[in-house]
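Novice: Got a predicted model here, sequence first, then my questions.
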Amino acid sequence: MAVLGKMNSRLGFYTPIGCEILNLLLNLTTKVVPLLSPIQNVNAAQQATNIEIATKIAAVVNLFKCQFPDARADLKPWSNDPDTRKLVDPDSIDIGFHLPGWSPRFQCRSILVQIRFYQDPVDTSRRAIGVETAGFNHQGIAWRFSTVESWNFEGECQPVADICEKLKHFCRQVFELFNG
């Protein structure tokens, strides 16, 4: 669990080591920020409704940055427009990651990560059921990857093999974090 952080015995949960993002998320959960639209739980920042979820979102960012240290996290990757609202899955945590520029190894400059959840109506448990990623370049979506079926990359421009393996490893870690 060294990658995820250390156990905070006073609070009883894992805290990411050296992660300023946790403080940002904690600040978001303590402030009342009115939404400009009826969208709920669209972005990771809006999903951080309690300390446990905020910590897990920070851990996801930390896990991604462990694989790809140059990436910059964006906890509000969606724009607030009618077209976007039609595409929103309220049962997901969405995080964008931006590279310093277009990367030939990634074949993109930004990556959208969507962690999809299922809420069991009987026991009210919530678990991750899929991680979907998409790489974006100046023309739009360059490639997609989903853990929901075959774990294959699709698209005309795909990342190189070692980047694909790192993304798959990251997705496995996300499942372990949320369903562990």
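Specialist: Arrived safely, thanks for sending. Numbers count the residues shown, from 1 in each chain.
Novice: On the pLDDT front, check the residue nearest to Q173 when sequence neighbours are not counted for me.
Specialist: Leaving aside its chain neighbours, Q173 sits nearest to L63 (4.9 Å; criterion: C-beta to C-beta, 6 or more residues apart in numbering). C-beta coordinates here come from the backbone N, C-alpha and C atoms, glycine included. Listed pLDDT for L63 reads 97.
Novice: And the strands in the protein, which stretches?
Specialist: 6-8, 13-15, 72-74, 92-103, 108-119, 126-137, 140-146, 153-154 (DSSP state E).
Novice: name the helices or strands packed onto the third one?
Specialist: Contacts of strand 72-74 with other secondary structure elements, assessed using 3 or more C-beta pairs under 8 Å, 6 or more residues apart in numbering; DSSP states H and E, are made with helix 51-67, strand 92-103.
Novice: which residues are contacting the longest helix anywhere in the chain?
Specialist: Ordering each helix of the chain by length in residues (DSSP state H) puts helix 161-179 first. Helix 161-179 is touched from outside by 3-4, 56, 59-60, 63-64, 67-68, 105-106, 115, 117, 127-128, 131, 133, 145, 147, 151, 153, 158-159, with contacts defined as C-beta atoms under 8 Å, 6 or more residues apart in numbering.
Novice: sorry, back to before: including distance to E165 and mean pLDDT, could the strands of the chain go into CSV?
Specialist: Putting the strands of the chain into CSV (distance: least, C-beta to C-beta, whole Å; pLDDT from 0 to 100) gives the following:
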stretch, distance to E165, mean pLDDT
strand 6-8, 27, 43
strand 13-15, 25, 42
strand 72-74, 21, 93
strand 92-103, 16, 92
strand 108-119, 15, 93
strand 126-137, 13, 93
strand 140-146, 11, 94
strand 153-154, 11, 96
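Novice: re the thing from before, any idea how far the residue nearest to Q173 is from C171?
Specialist: L63 sits 10 Å away from C171, taking C-beta to C-beta, to the nearest Å as the criterion.
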